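**Student:** Show me the folded form of this:
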Amino acid sequence: MSLLARSAAPLRQVAVRSRAAPVRSMHGEYKHIPFNYDKKGVFGAKVATYLLTGFAVPFIAAYYQLSKSSGSA
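**Tutor:** Residues are numbered from 1 along each chain as shown. Below is the predicted model of the structure:
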């Protein structure tokens with residue numbers, strides 16, 4: 001069996017699997033996000049707080065390290 005013929009078999013299996021219908025939950029409405037975002041304003045405030053905190057941490061750490069090193073002299 002040639003190398004080309006051997007490599008085609010797994011590709012056919014992948015193609016058959018990708019055409020299958022997606023599995024859906026049978027428990028009512030399908031939600032794939034693990035949190036509730038019905039209240040858009042509250043959700044937006046929480047996301048903004050989370051992202052701004054994560055963005056600010058390196059700057060706060062750098063400020064702390066620089067102030068720590070300049071205070072000992």
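
**Student:** And residue 34, its phi and psi?
**Tutor:** Backbone torsions for residue 34, taken as degrees, to the nearest 10, come to phi -80, psi 20.

**Student:** can you count the residues close to it?
**Tutor:** For residue 34, the neighbour count with other Cβ atoms under 10 Å is 5. Using the backbone N, CA and C atoms, a C-beta is placed for each residue, glycine as well.

**Student:** separation between it and residue 57?
**Tutor:** Counting by Cβ to Cβ, to the nearest Å, the gap from residue 34 to residue 57 is 24 Å.

**Student:** Determine the three-state secondary structure at residue 33.
**Tutor:** coil (DSSP: H, G, I helix; E, B strand; the rest coil).

**Student:** How many neighbouring residues does it have?
**Tutor:** 6.

**Student:** What of the one 3 residues further on?
**Tutor:** The number of residues packed near residue 36 is 9, by other Cβ under 10 Å.

**Student:** Report the contact partners of it.
**Tutor:** residue 43 (Cβ atoms under 8 Å, 6 or more residues apart in numbering).

**Student:** Give me the phi and psi for it.
**Tutor:** Taking degrees, to the nearest 10 as the convention, residue 36 sits at phi -90, psi 130.

**Student:** If I look at it, what pLDDT would I see?
**Tutor:** Per-residue confidence (pLDDT) for residue 36: 76.

**Student:** any idea how far it is from residue 46?
**Tutor:** 11 Å.

**Student:** Now do the shared contacts for those two.
**Tutor:** By Cβ under 8 Å, 6+ apart, no residue touches both residue 36 and residue 46.

**Student:** Quick one: neighbours of residue 70, just the number.
**Tutor:** For residue 70, the count of nearby residues is 8 (other Cβ under 10 Å).
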